[in-house]
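J.: Can you look at this prediction? I've put the sequence above it.
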Amino acid sequence: MSIGNILSNVRNKPSRHANVLLALLPIPPKMTGAASKDRKQRETNHEILRDLMEEIFEPLASANEHGVKITCGDGNVRLCFPRLAAWIADHMENVTLHGIVQNRCPACEEDVERLGEVVELPAKARDYSEYRRMYYRYIEGDEDAGEELRDLGVKLAPGIFWELSHVVQVDLYKPDILHVIYLGIFQTHLMKWVVGFLKKHKRLDSFDKIWMLLPPYPGFSPPNKEYSRVSQWQGKEMRNLVKVLVPSLAAALRRPNNAERIPFVTALRCVRSIVDFTLMAQYRSHSDETLQYMSDFLDDFHKYKDIFLEFRKDKATARRVREVRKRMAASHTVAQNRLRAEGASTAQRRRAGDDQRRELQDAIEAIYDDELDFNFVKIHLLSHFKDHVHRFGSIGMYSTESGESSHKQMIKEGYRRSNKNDATFQILRAYARIDNFRMHDMNAQCDPGRIHSDVEHPPEELRELGSRVAPSKNSRSSLQFVSRGALGSLPELLVDYYRRSGQRNITAEMANGFHVEEYRLLKVPIRCFQDPTEVTWHLLRCTGQRLWRTSGKARNDWVWVDTGNEELYGALRGCFPARLCAIFKVRNTVNNRVDRLVLVDRLFAESSGKPQDASGLVTVIMTGSVASTMVVSIKRILGMAHLVPESAAQDNKRWYVNNRIDLETFNRVYY
Ligand SMILES: [Zn+2]
């Protein structure tokens with residue numbers, strides 16, 4: 001249990017102890033085989049759960065009516081009326097709690113047959129107090145009321161929340177990004193369709209190859225196995241996958257032939273719109289504009305999803321398709337033989353063959369249209385996201401993840417400490433103690449006088465260099481040292497930099513004499529775009545040709561360089577990606593100043609930064625020309641860039657700019 005007016009970024013951190021463990025609910029053993037038809041057992045399970053909940057809610061019920069005196073953080077005592085306002089649970093838990101059948105929506109009365117459709121007019125919201133009245137009419141012998149409840153997907157049993165006053169039960173349901181989108185859509189469905197699609201078009205192999213070449217990024221660790229070899233996916237891995245899915249798929253589907261073009265574009269659009277929806281659903285604050293984007297993305301997903309319809313087939317459908325194929329092939333052979341016997345020309349026979357192929361295709365599509373659909377509940381639940389944000393604020397506030405990650409401390413830790421004998425009570429008591437001590441610590445350490453917002457530093461001042469390279473003995477640390485003789489034009493590049501920064505008096509000879517220190521690491525702070533108090537650090541590495549730890553590869557990260565002119569490079573908004581070549585500090589003894597600089601090899605945006613139509617991604621190319629190498633100040637480095645190679649070939653020169661890697665990039669690079 002938690003309190004609604006705790007800030008969500010506090011509540012979502014298990015270490016802040018904003019959730020209280022109230023009870024451990026018994027889980028009835030899984031009912032399989034004959035037991036699943038045991039109605040009596042089901043009823044008993046439900047009754048037990050209801051009785052338990054009643055006991056848990058009892059103190060709440062009286063506080064609801066008469067209020068309780070609570071000492072607030074400011075020292076005042078207030079009379080409070082706590083109300084049950086939200087219940088954070090996954091779909092199956094919601095089904096049990098709200099007493100509805102499995103494939104129905106807990107928030108609205110949408111028909112099972114229409115779950116996979118675009119919601120033009122939202123179905124009527126569920127009215128649980130009405131269900132309660134109907135249920136009691138049914139108990140008194142009104143069969144029609146029972147029939148109606150059954151049609152609405154409501155179980156004929158008293159509901160768990162019915163007797164609580166001041167609770168709007170339909171609003172207890174909260175959308176859930178982890179279980180609905182990451183596990184419900186991506187893991188259970190979409191990735192299977194995508195793999196089916198890639199297999200059908202023989203592109204799975206190239207998808208796997210690109211998958212193995214994905215570069216690291218803060219918050220994203222590159223996969224160490226081909227996609228098709230991973231058998232188990234967890235929530236966190238799905239989160240990672242969504243960040244890189246669009247460019248990987250775009251790379252795998254590049255250069256389609258004529259017949260492939262339309263299906264490939266459609267598949268990419270479908271995947272991209274659901275990825276974009278997922279990212280935008282995670283925004284911490286919304287405007288009408290972002291909400292409009294969300295509903296447009298969802299509409300697009302529905303518009304294009306039919307491309308994956310055939311991959312929803314089950315065994316029965318697959319068998320039917322096989323039978324039709326076999327039957328038609330036989331009759332087509334007969335027809336072809338007859339044509340040949342009648343002395344038809346090759347052209348005539350070929351035309352007949354084309355007709356036959358089309359006929360077969362139509363027959364198969366008719367089967368798919370008839371038997372396959374997208375009517376599963378998770379796809380429907382997406383349609384409630386936007387409305388929920390409108391009414392209750394950002395979706396991340398009601399994350400199931402924080403609850404699940406506290407499980408470790410709340411339950412597993414307690415079990416480990418118990419004597420494992422009837423451990424329930426020991427678990428509850430162990431956590432209550434941990435929780436109390438921690439609360440006491442937090443209170444003791446609390447500093448009421450502390451300033452809430454951090455002092456605003458311009459982020460460029462916070463940038464740091466690290467891992468200085470020790471110069472070898474007897475060598476003068478100069479530009480020669482940085483370039484190791486490989487880049488003779490470095491002094492000119494430096495002079496060029498000085499000219500751009502208003503120091504026109506420096507010549508290449510002077511620059512060559514300056515003292516230089518080389519570094520391997522550049523630390524850049526990244527402000528969360530919706531919460532300026534939260535900063536993550538990008539650690540940019542540049543090891544030159546040397547080995548990076550034990551991976552055996554040199555690591556020179558991709559970075560964003562800001563030109564300061566937002567008008568440039570279309571969707572990239574005045575920034576270009578570049579490869580770090582060196583990080584160094586120059587003591588300019590002539591003008592008496594120190595400059596912290598990087599040497600980069602820049603990439604050029606294609607089509608002036610206009611994203612590709614299907615994938616919505618900007619492509620960049622490496623020209624290898626002299627003009628692509630330049631020296632810039634570290635103040636212009638915005639952070640790491642995530643670039644996905646277009647092909648797995650060694651001499652690949654073209655990359656996709658992955659703007660879905662994090663919300664900051666997603667918000668900056670778009671069209
Ligand atoms: Zn619904």
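T.: Sure thing, it's come through.

J.: Nearest to the ion within the stretch 201-350 of the chain, name that residue for me.
T.: When scored by CB to the ion, the stretch 201-350 of the chain has L298 as its residue closest to the ion, at 13.3 Å. Quick note: C-beta positions are derived from backbone N, CA and C, even for glycine.

J.: Secondary structure element for the residue lying closest to that residue once chain neighbours are set aside, which one?
T.: Residue nearest to L298 in three dimensions, not counting chain neighbours: F277, with 5.5 Å by CB to CB, 6 or more residues apart in numbering. For F277, the host element (DSSP states H and E) is helix 258-280.

J.: And this structure, split by domain according to the record?
T.: 8-176+408-445, 314-371, 459-668 (automatic domain parsing).

J.: so which of those domains is the most packed in?
T.: Stretch with highest mean neighbour count among those: domain 459-668 (a mean of 17; mean count of other CB atoms under 10 Å).

J.: same question for that one, mean pLDDT?
T.: For domain 459-668, the mean pLDDT works out to 85.

J.: Stretch 299-318 too?
T.: What stretch 299-318 shows for mean pLDDT is 88.

J.: before we move on, what about stretch 358-366?
T.: Mean pLDDT, computed over stretch 358-366, is 85.

J.: Using CSV, write down the CA coordinates of that stretch.
T.: The C-alpha trace of stretch 358-366 is given here as CSV (Å, rounded to 0.1, in the frame of the first residue of the first chain):
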residue,chain,number,x,y,z
ARG,A,358,-3.4,-15.5,-58.0
GLU,A,359,-6.3,-17.8,-57.4
LEU,A,360,-4.3,-19.8,-54.8
GLN,A,361,-3.2,-16.5,-53.1
ASP,A,362,-6.8,-15.3,-52.9
ALA,A,363,-8.0,-18.6,-51.5
ILE,A,364,-5.4,-18.5,-48.8
GLU,A,365,-6.1,-14.9,-47.9
ALA,A,366,-9.8,-15.7,-47.7
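
J.: Excluding residues flanking it in the chain, which one is nearest the residue nearest the centre of the chain?
T.: Compute the mean C-alpha point of the chain, and by CA atoms, centre = their mean the closest residue is R239, 4.4 Å away. In this structure, R239 finds its nearest non-sequential neighbour in Y182, 6.0 Å apart by CB to CB, 6+ apart.

J.: what about the one you found, how many neighbours?
T.: Residues contacting Y182 under the criterion other CB atoms under 10 Å number 23.

J.: Check the gap between it and N658 for me.
T.: 18 Å (CB to CB, to the nearest Å).

J.: And A86, by the same measure?
T.: Separation of A86 from N658 (CB to CB): 34 Å.

J.: do N257 as well
T.: Using CB to CB, which is the criterion applied here, N257 is 26 Å from N658.

J.: got it, and T563?
T.: Counting by CB to CB - T563 and N658 are separated by 20 Å.

J.: circling back: look at the residue nearest to R239 and report its pLDDT.
T.: Listed pLDDT for Y182 reads 92.

J.: Which elements pack onto whichever strand or helix holds P491?
T.: Element membership for P491 (DSSP H and E) is helix 490-500. Using 3 or more CB pairs under 8 Å, 6 or more residues apart in numbering; DSSP states H and E as the contact test, the elements touching helix 490-500 are helix 479-483, helix 508-513, strand 593-602, strand 629-633.

J.: what do you get if the cut-off is 7 Å, keeping everything else the same?
T.: With contacts taken as 3 or more CB pairs under 7 Å, 6 or more residues apart in numbering; DSSP states H and E, helix 490-500 sits against helix 479-483, helix 508-513, strand 629-633.

J.: Go ahead and name everything in contact with it.
T.: With CB atoms under 7 Å, 6 or more residues apart in numbering as the test, helix 490-500 has contacts from 479, 482-483, 506-508, 511-512, 597, 629-632.

J.: how about L183, what does it touch?
T.: Residues near L183 by CB under 7 Å, 6+ apart: 235, 238.

J.: Over to the one 10 residues further on?
T.: When contacts are counted by CB under 7 Å, 6+ apart, W193 touches 308, 311.

J.: From Y173, how far off is it?
T.: Taking CB to CB as the measure, W193 and Y173 are separated by 27 Å.

J.: okay, now the residue nearest to L298: neighbour count?
T.: What F277 shows, counting by other CB under 10 Å, is a neighbour count of 23.

J.: mind saving the C-alpha coords of stretch 249-259 as PDB?
T.: Extracted in PDB, the C-alpha atoms of stretch 249-259 (Å, rounded to 0.1, in the frame of the first residue of the first chain):
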ATOM      1  CA  LEU A 249      14.500  -4.300 -38.700                       C
ATOM      2  CA  ALA A 250      15.200  -1.400 -41.200                       C
ATOM      3  CA  ALA A 251      18.700  -2.800 -41.800                       C
ATOM      4  CA  ALA A 252      17.400  -6.400 -42.200                       C
ATOM      5  CA  LEU A 253      14.700  -5.300 -44.700                       C
ATOM      6  CA  ARG A 254      16.900  -3.000 -46.800                       C
ATOM      7  CA  ARG A 255      17.000  -3.200 -50.500                       C
ATOM      8  CA  PRO A 256      13.700  -5.000 -51.200                       C
ATOM      9  CA  ASN A 257      12.900  -6.300 -54.600                       C
ATOM     10  CA  ASN A 258       9.700  -5.100 -56.400                       C
ATOM     11  CA  ALA A 259       7.400  -7.700 -54.800                       C
END
